[in-house]
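Enquirer: let me see the structure of the following:
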Amino acid sequence: MREEELIKKFKKMPWRPWLKRYFPVLVAYSMVKGGLEKSFAKQGIKGEMPFVLFEKNMWYGTPEMFKQGGLEAEKYIKKLGMRFLVMICLNAYKKALREVDKMVKDKKSDPLKQYKKIIELLEPINVSIWTAHAGEVYFDNELEKKLKSFVPKNKLDEYIGDIGFPKRKNAHSLMVADILKGMKTRDLFIKYSWLKSRIEAGFGIGYTYSEIVDLRKSIINNPPVKHQYPKIPKEIKKLVAGLQDIVFLRTFRTDSLFEIYFKARSIFARLEKELGIDSVKYYLPEDIISGRLKRYEKFAVLKYYDDIVVTEQKIVEEEKVNNQEIKGAIAWKGIARGKVKIIFNPSQINKVEVGDILVTNMTIPAYLPAMKKAAAFVTDEGGITCHAAIIAREMRKPCITGTKFATKVLQDGDLVEVDADKGIIKKL
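Expert: Numbers count the residues shown, from 1 in each chain. Predicted structure coming up:
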């Protein structure tokens, strides 16, 4: 399909905001390429993410997009299993980490060749971006069908959240475990400082040494509560194991990408100096490799089956949000009242004081100091197995996720009641 035709087609599609992410063009475009049929095929998967749109730091979706993605996932998950899909990402991450560590020490090699190698190493992880998203649709459908016989409807969300708690540890869980085992601050800093850069896809600043000191003290003084799994009927144990794998993969795939981008900073810096550009994050990989240096800051990436277009044209008209009642998924029950504090990046966490209601598009490990102070959490995105929900269960704090527009309706200082028994947030 020609570029003009694809842009015209996308402008007519019923796009709705899905996930807000502060991704530069390098990250967004590489992720979209990971959804191609040929990218899936390289990893031994017959499938693809049929179509998707990223524009102005927002991923957009349509009902048809999720339906088709879920149907694709059903085929390859039934054939290959979730463990196979997790191992693709896990093995790619380990290989990329080894290779990037070597390249960082090798300051004599051509940085352009090293950059090209990094892009190749990250391709399997970018495939995992879509196997996790599409797989979620499949598991949501399966759980809804299979759990009807075992769990009352009003307890379903809570039950899925509890059984879906992953047994594999992601980076934040590993950091907490290392802290509780007594790992020294210096070693924690070397191993986990990149976690703070996650909100900017690995291109932001990492934790400072003093922040790691504070984080270590905070976790030692308030260790997480060990998760208690409810009874799982034997008829659904295999399905639950797959659910736990996909919950793990959803966090692990982006952790992997962003850690590699963060650790490759010195390679990128050498290449940027050689090319005379400010940052590789503003350029498409093909353009960097071919020498056609077109810089993108405001852009859209469109994928429709085999066609991908990067354009500076506006695709989606901004949706107006009225001051309406805010509802979402109950991640942990309880009722809390307090002042709203909206945060979108780690530099804003000091706004949150004891007893405030933390409102954000999504939570990340760098928000933990603020989450410990907050009386409750409210997020635009996610569901009962997202990061905010998992931390809410550990901290036993009311949490409502997936509200879609809480950050647009609420403002700093609003006095609200978070009724996580009913999944409703009300202004007082």
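
Enquirer: and the helices in the stretch 201-350 of the chain?
Expert: 209-221, 237-263, 265-275, 285-290 (DSSP state H, counting those that start in this stretch).

Enquirer: need the winner for burial among those helices.
Expert: Ranked by mean neighbour count, those are led by helix 237-263 with a mean of 22 (mean count of other CB atoms under 10 Å). Backbone N, C-alpha and C define where each C-beta goes, glycine included.

Enquirer: packing partners for it?
Expert: With contacts taken as 3 or more CB pairs under 8 Å, 6 or more residues apart in numbering; DSSP states H and E, helix 237-263 sits against helix 82-105, helix 111-146, helix 156-163, helix 171-181.

Enquirer: next, the residue of the chain most remote from its centre: secondary structure please.
Expert: If you look at how far each residue of the chain sits from its centre, by CA atoms, centre = their mean, the farthest one is Lys108, at 34.8 Å. At Lys108, secondary structure determined by DSSP: H, G, I helix; E, B strand; the rest coil is coil.

Enquirer: need the helices of the stretch 201-350 of the chain in TSV (columns: distance to Asn91 and mean pLDDT).
Expert: Output for these, formatted as TSV (distance: least, CB to CB, whole Å; pLDDT from 0 to 100):
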stretch	distance to Asn91	mean pLDDT
helix 209-221	29	91
helix 237-263	11	95
helix 265-275	22	97
helix 285-290	22	96
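
Enquirer: burial of Ser173, as a residue count?
Expert: By the criterion of other CB atoms under 10 Å, Ser173 has 17 neighbours.

Enquirer: what's the spacing between it and Ile160?
Expert: Separation of Ser173 from Ile160 (CB to CB, to the nearest Å) stands at 20 Å.

Enquirer: ok, Leu85 next?
Expert: To Ile160, Leu85 is 20 Å away according to CB to CB.

Enquirer: wouldn't Gly81 be in contact with Gly242 here?
Expert: Yes - contact between Gly81 and Gly242 holds when scored by CB atoms under 8 Å: they sit 7.4 Å apart.

Enquirer: how does the chain divide into domains?
Expert: The chain breaks down by automatic domain parsing into domains covering 3-165+231-311, 171-226, 326-427.

Enquirer: of all those, which lies closest to Glu319?
Expert: Each of these has some distance to Glu319 by CB to CB; the shortest is domain 3-165+231-311, at 6.9 Å.

Enquirer: how about the longest strand along the chain: buried residues?
Expert: Ranked by residue count under DSSP state E, the longest strand found in the chain is strand 335-342. By 16 or more other CB atoms under 10 Å, the buried positions in strand 335-342 come out as Ala336, Gly338, Val340, Lys341, Ile342.

Enquirer: about what we covered before: I'd like the helices of the stretch 201-350 of the chain as a markdown table, with distance to Val25 appended.
Expert: Output for the helices of the stretch 201-350 of the chain, formatted as a markdown table (distance: least, CB to CB, whole Å):
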| stretch | distance to Val25 |
| --- | --- |
| helix 209-221 | 29 |
| helix 237-263 | 13 |
| helix 265-275 | 14 |
| helix 285-290 | 10 |
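
Enquirer: out of the ones you listed, which comes closest to Ser30?
Expert: The nearest among the helices of the stretch 201-350 of the chain, by CB to CB, is helix 285-290 at 6.6 Å.

Enquirer: hang on, the earlier thing: and of the helices of the stretch 201-350 of the chain, who's closest to Thr401?
Expert: Nearest to Thr401, of all those, is helix 237-263, at 13.2 Å by CB to CB.

Enquirer: okay, angle between that closest one and helix 171-181 too, please.
Expert: Angle, helix 237-263 to helix 171-181, by axes from the mean of the first three to the mean of the last three CA atoms, to 10 degrees: 90 degrees.

Enquirer: number of residues surrounding Lys145?
Expert: Residues near Lys145, counting by other CB under 10 Å, number 10.

Enquirer: numbering from 636 from now on, please.
Expert: Yes, from this point I'll number from 636; that puts the last item at Lys780.

Enquirer: residues contacting it?
Expert: Lys780 makes no contacts at all, as judged by CB atoms under 8 Å, 6 or more residues apart in numbering.

Enquirer: got a pLDDT number for it?
Expert: The pLDDT attached to Lys780 in the predicted structure is 86.

Enquirer: quick check: it vs Tyr773, distance?
Expert: According to CB to CB, Lys780 stands 11 Å off from Tyr773.

Enquirer: and Lys743, by the same measure?
Expert: 47 Å.

Enquirer: swap in Lys644?
Expert: The gap separating Lys644 from Tyr773 is 26 Å, by CB to CB.
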